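K.L.:
What shape does this take:
(2 chains)
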Amino acid sequence: MKILAVDDDPIILELLAHFVAASGDHKLVTAESGAEALEILAQVGLRPFDCFFFDINMPEMSGIELTRAVRENARYAHTPTLMLTAMSDKRHVDAAFTAGATDYVTKPFEMDDFSSRLGVIDQMVSARRPRTKKIFGAVPTCRESGGPIIPANLQLHEPIAIHDVENVIEFLAMENYVAQLSRSALFGSTTFAFSMRQIDVLYSQMTSFEFYSLVSDVAEVISDTMRAHQFLMSYAGNGTFVCVTEGGWRPQATQMMDAVNLALSRTELFDNAGLRLQPRVSTGQTIRLIWQTGASVMGAIAQAHTSAEAACLAHEAARNTLWTVENTA
Amino acid sequence: MTANPYDTLPGFAALRTKFMSILEERQAQIAAHTMDAWNAETPAAKAASLASARAILHKVAGTAGTFGLRDVGAAAFACERMIDTHLDDPASDDLSCPPEILIEIDDFVSCCEPYLVAA
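P.N.:
Numbering: from 1, shown residues only, chains lettered A, B, ... in the order given. As a prediction, the model looks like this:
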């Protein structure tokens, strides 16, 4: 991978050079400030970077501001970004993930932990590479110039990275985010999910671009509906958005579902043929994250995900059998 | 000095020697900024000196552990937190540099000493 590391402490950059060299066949470019990093990224003709390491606490431009600036560049809208920082408080963790960070490593970091996280990113980059080649080799499927790059063969079950919607982060970032949350932070947190009804039908009728646009629009409606609350949300694939709420807010799932569906009914969404789309969502269980740790937090999120999808199926089944039951009686 | 798991990493020994040299410089800079804060005549000058000390402490806190100096990193982090709390406190506007910060910084400086002597 080609990696750009930004830290105002030269000794950290040297340390990273050693760790990166020991972790595999990577090329590391370094910068001591956000401004220098943006200059490097603006250079024309350079092979693009596959991954970023940003320190948070830097003078003039923080790593969080740098992440936001980098995410505005369409080429780097989805590039894995590791925050390497001594700032371990929740305020900084939240700000980093909201800005678009993929992972968060607290200094002083250990070689084993660093290598394992770099390995995960390397796999992610390798998995994306063939798709990227296809995208650039085929007809571009960008929304518009500067818009997101959308895979031509977007899979129904695949998580989609949505960066333009407030409080929405990538699914991998969500996994890393919950891993960062301390026991005390989890005390007031809850997870639940929204699942789009008849997602398989919608998916089968749409191009990848239309499907991506629909998912993004629904994400925006959900995010707007929950604007008054503290939460992070991620599109986990198969029409399902998983949410982690904070600050003690325990949502009433049915009320949230109704509020989102009302907002969706008031939103005019159309496909490329001009036909109006009327997506609706279902919610499943709300699960408190208190006393959960590590893998069990992701287990709780998976349970919320599954229950929302089950609620969709139950809704469809009820809709299909409603009149049959009455006729039988 | 604490055993370091990266001693076998190519070039790491030289990097740690460099870190020890930088630590000595940073220890002196932190002490100097803290004394400046103590001696400064205006709250703004005190705050500026403390902020300078804090910025260097933050760097030490982020690196010392990786080089095997966990106690130094923890001591630097404790000083950083104390300065942050002081600078964020609205009541500290007209306050000086509290002696508690000096004591904490003194602990940090003392914590560095055996490593620097051994280096």
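K.L.:
Give the closest residue to residue 65 in space, chain neighbours not counted.
P.N.:
In the absence of a named chain, this looks at chain A. Distances taken as C-beta to C-beta, 6 or more residues apart in numbering or on different chains put A:G34 closest to A:E65, at 6.5 Å, once the chain neighbours are dropped. The way it works is simple: take the backbone N, C-alpha and C, and place the C-beta from them, glycine included.
K.L.:
look at chain B instead
P.N.:
Leaving aside its chain neighbours, B:G65 sits nearest to A:P108 (3.0 Å; criterion: C-beta to C-beta, 6+ apart).
K.L.:
just checking, the one you found touches B:T63?
P.N.:
Yes - here A:P108 reaches B:T63: they are 6.3 Å apart, a contact under C-beta atoms under 8 Å.
K.L.:
Which residue does the stretch 1-150 of chain A have closest to chain B?
P.N.:
The minimum distance from the stretch 1-150 of chain A to chain B, using C-beta to the nearest C-beta, falls at A:P108 (3.0 Å).
K.L.:
Contact partners for that residue?
P.N.:
Contacts for A:P108 were tallied using C-beta atoms under 8 Å, 6 or more residues apart in numbering or on different chains; they are A:86, B:61-66, B:70, B:73.
K.L.:
Need the max-distance pair from the residues you listed.
P.N.:
Largest separation among the contacts of A:P108 by C-beta to C-beta: A:A86 and B:R70, giving 13.3 Å.
K.L.:
Please compare those two by neighbour count and tell me which comes out ahead.
P.N.:
A:A86 (26 against 13; other C-beta atoms under 10 Å in any protein chain shown).
K.L.:
Can you list phi and psi of that one for me?
P.N.:
Per-residue torsions, A:A86: phi -90, psi 0 (degrees, to the nearest 10).
K.L.:
Can you give me the buried ones in the helix ranked longest in chain A?
P.N.:
Using DSSP state H, we find that the single longest helix of chain A is helix A:294-328. For helix A:294-328, a neighbour-count test (16 or more other C-beta atoms under 10 Å in any protein chain shown) marks A:297-298, A:300-301, A:303-305, A:307-309, A:311-312, A:315 as buried.
K.L.:
Which strands or helices does that helix pack on?
P.N.:
helix A:171-180, strand A:190-196, strand A:240-245, strand A:281-283, strand A:287-288 (3 or more C-beta pairs under 8 Å, 6 or more residues apart in numbering or on different chains; DSSP states H and E).
K.L.:
Save those as JSON lines, and put in mean pLDDT too.
P.N.:
Formatted as JSON lines, the helices and strands packed on helix A:294-328 follow (pLDDT from 0 to 100):
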{"stretch": "helix A:171-180", "mean pLDDT": "85"}
{"stretch": "strand A:190-196", "mean pLDDT": "94"}
{"stretch": "strand A:240-245", "mean pLDDT": "93"}
{"stretch": "strand A:281-283", "mean pLDDT": "95"}
{"stretch": "strand A:287-288", "mean pLDDT": "90"}
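K.L.:
Which element, helix or strand, includes A:G274?
P.N.:
Assigned by DSSP states H and E, A:G274 falls within no helix or strand.
K.L.:
quick one: pLDDT of it?
P.N.:
Looking at A:G274, its pLDDT is 82.
K.L.:
Report the central residue of the chain.
P.N.:
Let's take chain A. A:E170 (1.2 Å; C-alpha atoms, centre = their mean).
K.L.:
right idea, wrong chain: chain B
P.N.:
Nearest to chain B centroid, counting by C-alpha atoms, centre = their mean: B:L57, 3.4 Å.
K.L.:
B:F108 is in contact with that residue, correct?
P.N.:
Yes - if you go by C-beta under 8 Å, B:L57 and B:F108 touch, sitting 7.4 Å apart.
K.L.:
intersection of neighbour lists for the two?
P.N.:
Common contacts of B:L57 and B:F108 (C-beta under 8 Å, 6+ apart): B:30, B:76, B:79.
K.L.:
I'd like these laid out as TSV, including neighbour count, secondary structure and pLDDT.
P.N.:
Below are these laid out as TSV (neighbours: other C-beta atoms under 10 Å in any protein chain shown; DSSP: H, G, I helix; E, B strand; the rest coil; pLDDT from 0 to 100):
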residue	neighbour count	secondary structure	pLDDT
B:I30	24	helix	94
B:A76	32	helix	95
B:C79	27	helix	95
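K.L.:
how close does the residue nearest to A:E65 sit to A:Q205?
P.N.:
Distance of A:G34 to A:Q205, computed by C-beta to C-beta, to the nearest Å: 44 Å.
K.L.:
So those two - more neighbours on which side?
P.N.:
Between A:G34 and A:Q205, counting by other C-beta under 10 Å, A:G34 is the more crowded of the two (24 against 14).
K.L.:
Give me the number of neighbouring residues for residue 106.
P.N.:
Here I'm looking at chain A. 16.
K.L.:
looking at chain B here, not the other one
P.N.:
Residues near B:D106, counting by other C-beta under 10 Å, number 13.
K.L.:
Now it: which helix or strand?
P.N.:
When elements are assigned from DSSP H and E, B:D106 belongs to helix B:99-118.
K.L.:
average pLDDT for that helix?
P.N.:
Computed over helix B:99-118, the average pLDDT equals 90.
K.L.:
what's that helix packed up against?
P.N.:
helix B:12-39, helix B:43-63, helix B:70-88.
K.L.:
And stretch A:170-189, end to end?
P.N.:
Stretch A:170-189 has an end-to-end distance of 19 Å (C-alpha to C-alpha, to the nearest Å).
K.L.:
wait, does it contact chain B?
P.N.:
No - with C-beta under 8 Å from any C-beta of the partner chain as the measure, stretch A:170-189 is seen stopping short of chain B, the closest distance being 15.7 Å.
K.L.:
Buried ones in stretch A:90-99, by neighbour count?
P.N.:
For stretch A:90-99, by 16+ other C-beta under 10 Å, it's A:92-99.
K.L.:
among the residues you listed, which are in reach of chain B?
P.N.:
Of the buried residues of stretch A:90-99, not one also sits near chain B (C-beta under 8 Å from any C-beta).
K.L.:
mind putting these in CSV, pLDDT and secondary structure included?
P.N.:
Listed next are the buried residues of stretch A:90-99 as CSV, based on pLDDT from 0 to 100; DSSP: H, G, I helix; E, B strand; the rest coil:
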residue, pLDDT, secondary structure
A:H92, 85, helix
A:V93, 86, helix
A:D94, 86, helix
A:A95, 88, helix
A:A96, 90, helix
A:F97, 89, helix
A:T98, 88, helix
A:A99, 89, helix
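K.L.:
which of those lies closest to B:P90?
P.N.:
The closest of these, once distances to B:P90 are taken by C-beta to C-beta, is A:H92, at 21.4 Å.
K.L.:
just checking, that closest one touches A:D55?
P.N.:
No - A:H92 is beyond contact range of A:D55, at 11.4 Å (criterion: C-beta under 8 Å).
K.L.:
shared neighbours of these two, anything?
P.N.:
With C-beta under 8 Å, 6+ apart as the test, A:H92 and A:D55 both reach A:T85.
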